[in-house]
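[1] below are the sequence and a predicted model for it; my questions follow.
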Amino acid sequence: MAGIGSFALLQLTAKLSLSKVEKVWLPLATAARCDTQAKVATFFPFYTLWHWLVRYKDLAPGYYELTPQMSALEAWLRLHQGRQTPLRLYLPPQRSPGHLARFLGTHLAYDSAQWALTFASYPWEKLGLNAYTWLAIFLPDVYEVYWTISPVRFIERMKENYDRFWNAARRQAAAALGFTPIEVITLASILEYETCRHDEKPLIAGVYLNRLRLGMPLQADPTVIYALGNFNITRVTKRMLEVESPYNTYRRRGLPPGPIGTPSLESIEAVLHYKPSRYLYFCARPDGSGYHDFSATYPEHLVKARAYQRSLNRWLAQKR
């Protein structure tokens with residue numbers, strides 16, 4: 001009996017065979033999970049029951065962090081019961097629904113195809129959204145989630161965060177522009193891919209708002225690139241401007257029907273707190289700084305645009 005007691009005590013008190021924290025990813029697919037379990041079993045002393053259970057018993061998929069201080073029993077229970085370690089997922093701005101699906105498929109358990117399928121089939125109307133506007137709720141932020149969170153539950157989390165983000169103050173600022181939150185994000189998404197310089201975003205936002213108030217087309221190159229679906233374009237040509245799409249702001253006046261990506265907080269705030277000016281035009285500076293030159297008249301704009309085009313021609317020639 002003493003031997004049985006000692007054996008039982010050994011099973012209960014045995015520590016993991018670790019010298020550092022081990023991050024364990026148990027995939028959703030059973031076959032892949034079994035392959036991973038063979039490696040995870042080596043973290044458990046071979047003389048313990050838990051070593052063999054981890055090796056041959058089906059474990060719960062998920063992300064787990066195992067520490068040297070953890071007993072083998074505690075680690076087994078976590079893996080068996082699916083008590084995952086939460087992830088802090090930073091969701092950066094995404095250029096398109098396809099980019100978003102690939103990002104989530106890379107960082108969470110479900111693959112990109114499943115994310116894309118869910119985006120295409122989800123009943124967005126129940127959230128007050130549609131096929132054009134749903135991208136707006138995926139606000140860049142840091143989210144604490146479980147690795148195996150389902151696409152449907154992740155969408156619900158995004159909507160909850162979106163509703164919190166649009167507090168009374170932000171909604172009031174949007175209403176002062178005559179915009180809904182979705183329209184603010186739509187304009188902010190154009191801004192996001194028009195400039196990488198946060199300090200000039202409020203001024204560019206003001207230019208776009210001036211155009212909208214005058215009934216001018218926005219003529220925003222990022223919307224044409226989005227319409228074409230080719231995000232490697234370095235120069236938008238006249239032929240590209242003819243693409244027939246509700247997102248082509250050269251052919252259609254007003255805002256596109258929804259965002260052309262997910263904008264950063266800086267871009268959203270730049271729209272809500274834009275910088276007033278008389279400017280109606282802007283183009284990239286020829287110095288490669290990433291900043292823009294602004295103009296109140298079209299003739300003035302043409303002079304600056306030609307200088308930039310010459311600079312771009314030289315740059316493209318050097319790349320060949």
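    Okay, I see it.
[2] distance check, Phe119 against Glu144.
    Phe119 sits 22 Å away from Glu144, going by CB to CB, to the nearest Å. C-beta: built from backbone N, CA, C; applies to glycine.
[3] so what touches the helix or strand hosting Trp315?
    Per DSSP states H and E, Trp315 falls inside helix 298-319. Applying CB atoms under 8 Å, 6 or more residues apart in numbering, the contact partners of helix 298-319 are 234-235, 280-288, 293, 295.
[4] buried members of the residues you listed into PyMOL, please.
    Only the buried entries of those go into this PyMOL selection, using 16 or more other CB atoms under 10 Å:
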select buried, resi 280+281+282+283+284+286+293+295
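[5] just the ones of the contacts of helix 298-319 in strands?
    Tyr281, Phe282, Cys283, Ala284, Asp293, Ser295 (DSSP state E).
[6] what's around the nearest residue to the third one once chain neighbours are set aside, how many residues?
    Spatial nearest neighbour of Cys283, chain neighbours left out: Ala305 (4.6 Å); criterion: CB to CB, 6 or more residues apart in numbering. Neighbour count of Ala305, defined by other CB atoms under 10 Å: 18.
[7] swap in the one 4 residues further on?
    Burial measure for Gln309: 14 neighbouring residues, criterion other CB under 10 Å.
[8] mind checking how far it is from Lys238?
    12 Å.
[9] again, but for Arg157
    Remark: distance between Arg157 and Lys238 (CB to CB) = 43 Å.
[10] more neighbours, the two?
    Arg157 (15 against 7).
[11] and the more buried one, that one's in a strand?
    No - looking at Arg157 with DSSP: H, G, I helix; E, B strand; the rest coil, it is helix, so not inside a strand.
[12] surely it meets Tyr143?
    Yes - Arg157 is within contact range of Tyr143, at 6.7 Å (criterion: CB atoms under 8 Å).
[13] shared neighbours of those two, which are they?
    Contact with both Arg157 and Tyr143 is made by no residue, according to CB under 8 Å, 6+ apart.
[14] now the ones in strands among the contacts of helix 298-319 as a markdown table including distance to Gly254 and pLDDT?
    Shown next, in a markdown table, are these (distance: CB to CB, whole Å; pLDDT from 0 to 100):
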| residue | distance to Gly254 | pLDDT |
| --- | --- | --- |
| Tyr281 | 18 | 96 |
| Phe282 | 19 | 94 |
| Cys283 | 22 | 91 |
| Ala284 | 24 | 88 |
| Asp293 | 26 | 93 |
| Ser295 | 22 | 95 |
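[15] quick one: contacts for Val54?
    Going by CB under 8 Å, 6+ apart, the list of residues near Val54 reads Gln37, Val40, Ala41, Phe44, Trp76, Leu79.
[16] tell me which helix or strand His118 sits in.
    For residue 118 the amino acid is Thr, not His. Counting by DSSP H and E, Thr118 is part of helix 112-121.
[17] mean confidence for the helix holding Trp315?
    Averaged across helix 298-319, pLDDT comes to 83.
[18] please apply the same query to stretch 114-125.
    Averaging the model's pLDDT scores along stretch 114-125 yields 98.
[19] which parts of that stretch are buried?
    In stretch 114-125, counting by 16+ other CB under 10 Å, buried: Gln114, Trp115, Ala116, Thr118, Phe119, Tyr122, Trp124.
[20] check stretch 292-306 too.
    Residues of stretch 292-306 classed as buried: His292, Asp293, Phe294, Ser295, His301, Lys304, Ala305 (neighbour count, 16+ other CB under 10 Å).
[21] could you give the bridge partners of the third one?
    Phe294 has these beta-bridge partners by DSSP bridges: Phe282.
[22] list the residues that contact it.
    Going by CB under 8 Å, 6+ apart, Phe294 touches Leu203, Val207, Ser277, Tyr279, Tyr281, Phe282.
[23] separation between it and Thr195?
    Using CB to CB, we find Phe294 at a distance of 12 Å from Thr195.
[24] now do the second one
    With distances defined as CB to CB, the gap from Asp293 to Thr195 amounts to 12 Å.
[25] try Phe46
    Taking CB to CB as the measure, Phe46 and Thr195 are separated by 59 Å.
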